[in-house]
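Enquirer: my questions concern the predicted model and sequence given below.
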Amino acid sequence: MKIDIPVWKKYTLSIEEAAEYFRIGRSRLREIASENPDADFILSNGNRIQIKRKKFEEFIDNASVI
């Protein structure tokens, strides 16, 4: 049985989910992750990148350009 959790309630988002949620391209999100490997909004699960939703929201709030 699979439980569907709404994106706005998830703690972490996949690149695809984050791209749709934040309306930022997948390639740009991967660039941001590679440019900020030690950022607190990045969680690596093996070779998969997960975006911590609330932390990334804070990052975007403080950014002037994405």
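Expert: Structure's in. What do you need? Numbering: from 1, shown residues only.
Enquirer: got the end-to-end distance for stretch 47-60?
Expert: End-to-end distance for stretch 47-60, by Cα to Cα, to the nearest Å: 24 Å.
Enquirer: name the nearest residue to the spatially most central residue of the chain, sequence neighbours excluded.
Expert: The central residue of the chain, meaning the one whose C-alpha is nearest the mean C-alpha position (Cα atoms, centre = their mean), is residue 51 at 2.8 Å. Leaving aside its chain neighbours, residue 51 sits nearest to residue 18 (4.3 Å; criterion: Cβ to Cβ, 6 or more residues apart in numbering). C-betas here are computed from N, CA, C, even on glycine.
Enquirer: the lowest-mean-pLDDT helix or strand in the chain: how far from the chain's middle?
Expert: Comparing every helix and strand of the chain by mean pLDDT, DSSP states H and E singles out strand 42-45 as the least confident one, with a mean of 91. Averaged C-alpha coordinates place strand 42-45 at 9 Å from its chain's average position (Cα atoms, centre = their mean, to the nearest Å).
Enquirer: sounds good, over and out.
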